[in-house]
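Engineer: how would this look folded up:
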Amino acid sequence: MSTAIVFPGMGPSRFSEVGRFMMVSPYARRRLADADAALGFSVLEALRDSGDGYTAASQVAFVVNSLAMADWAEDVLGERPELCVGPSFGERAAATYSGALPFAELVRLTAELAACELEYYRTEHSDLVSQFIVRTPLAGLREVLAGMTERGEWHEVSAYFDEDVHLVTMAEQHLDGFKRHVRELGGYSLTTMSPPAHAQVLQPLRKRMQDEVFPRFSFTPPAVPVISDQDGSLVTTGTDVRNLLVDSVVNQVHWGHITRTLVEQGVTRLCIAGPDLLIHRLGTLKKTFELVSVGPKDAMRPRRPARRHVAAH
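Structural biologist: Residues are numbered from 1 along each chain as shown. Purely as a prediction, here's the structure:
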């Protein structure tokens, strides 16, 4: 049986939940101490003071907690994955888990990228959002998008998660109409991401990050190969791991490509390490792999629990 570890993308969170895990879990406390040392201040205090949203503190906390949950999975469940995947924001945790970027460097990189993003969105593309939709088959989504094209409403499909789960980026002024058309097809709108993500229109942000942030960080060949969340290729050099993170700003996330490569590599089991609201629910993954989800509640257990098996449906 071959296992891959999956680090989920970042979703909305509350300090009451995130902070409790970081204070209670010994795995999170160890990672948190290293993060504090890397940045020179208390991440937990910054998180408490920063409020909701995709702040620098919340982004650092997310990678801290994702890797802490992976540490727990290794130590308590005995996980020894042969591949790793990090769709969207999860790429950052995957970069460190794979061995391509030391944890302290990841923490600094995450904080600097967040600051770069914040500065960019103060003046550019502040009118764009990315919308998660579910229960909307691809044929139906194409119908909705064709209508937007006819009306001259710009859009991009930023992520394909499953046959009926997608992320679409558009101008915020068109969001209500988009949601209405999705609802008319029997679909459902979940989280609205602001700022947006994974859209070619964000090339200026990609260039700014590439020119101003990434040159200060060095990547080495990963000890655990990474599967690209963008085209499904195997990433085996430090340069390619770096490029994966750089290009994530503009390239679509595509779980179809990821799944194809996982199957081709003989993977039968996925360990999802991190606060996950979506991946463990994807129908194609549940049909194709054994799924083991490791979330905050799991990783606060001190003793080996019974292994959870999510059977194919």
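
Engineer: and Thr288, how far from Pro87?
Structural biologist: Distance of Thr288 to Pro87, given as C-beta to C-beta, to the nearest Å: 16 Å. All C-beta spots, glycine's among them, are computed from the backbone N, C-alpha and C.

Engineer: count the residues that sit near Met170.
Structural biologist: Using other C-beta atoms under 10 Å, Met170 has 23 other residues around it.

Engineer: hmm, back to that, and Thr288 and Pro87? which has more neighbours close in?
Structural biologist: Neighbour count, other C-beta under 10 Å: between Thr288 and Pro87, Pro87 has more, with 25 against 16.

Engineer: distance of that one relative to Glu150?
Structural biologist: According to C-beta to C-beta, Pro87 stands 31 Å off from Glu150.

Engineer: doesn't Val250 lie inside a helix?
Structural biologist: No: counting by DSSP: H, G, I helix; E, B strand; the rest coil, Val250 falls outside a helix, being coil.

Engineer: name the residues of the lowest-mean-pLDDT helix or strand in the chain that are buried.
Structural biologist: Least confident helix or strand of the chain, by mean pLDDT, DSSP states H and E, is helix 15-24 with a mean of 85. Of the residues in helix 15-24, 15, 18-19, 21-22 count as buried by neighbour count, 16 or more other C-beta atoms under 10 Å.

Engineer: what do you get for stretch 67-81?
Structural biologist: Within stretch 67-81, the residues that qualify as buried are 67-74, 76-77, 79, 81, counting by 16+ other C-beta under 10 Å.

Engineer: what is the nearest of the residues you listed to Ala111?
Structural biologist: For the buried residues of stretch 67-81, the closest approach to Ala111 (C-beta to C-beta) belongs to Leu67, at 15.2 Å.

Engineer: wait, is that closest one part of a helix?
Structural biologist: Yes: with three-state DSSP as the criterion, Leu67 is part of a helix.

Engineer: start at 9 instead
Structural biologist: With the count now opening at 9, the last piece we talked about shows up as Leu75.

Engineer: now do the contacts for it.
Structural biologist: Contacts for Leu75 (C-beta atoms under 8 Å, 6 or more residues apart in numbering) come out as 39, 101, 104-105, 111, 281.
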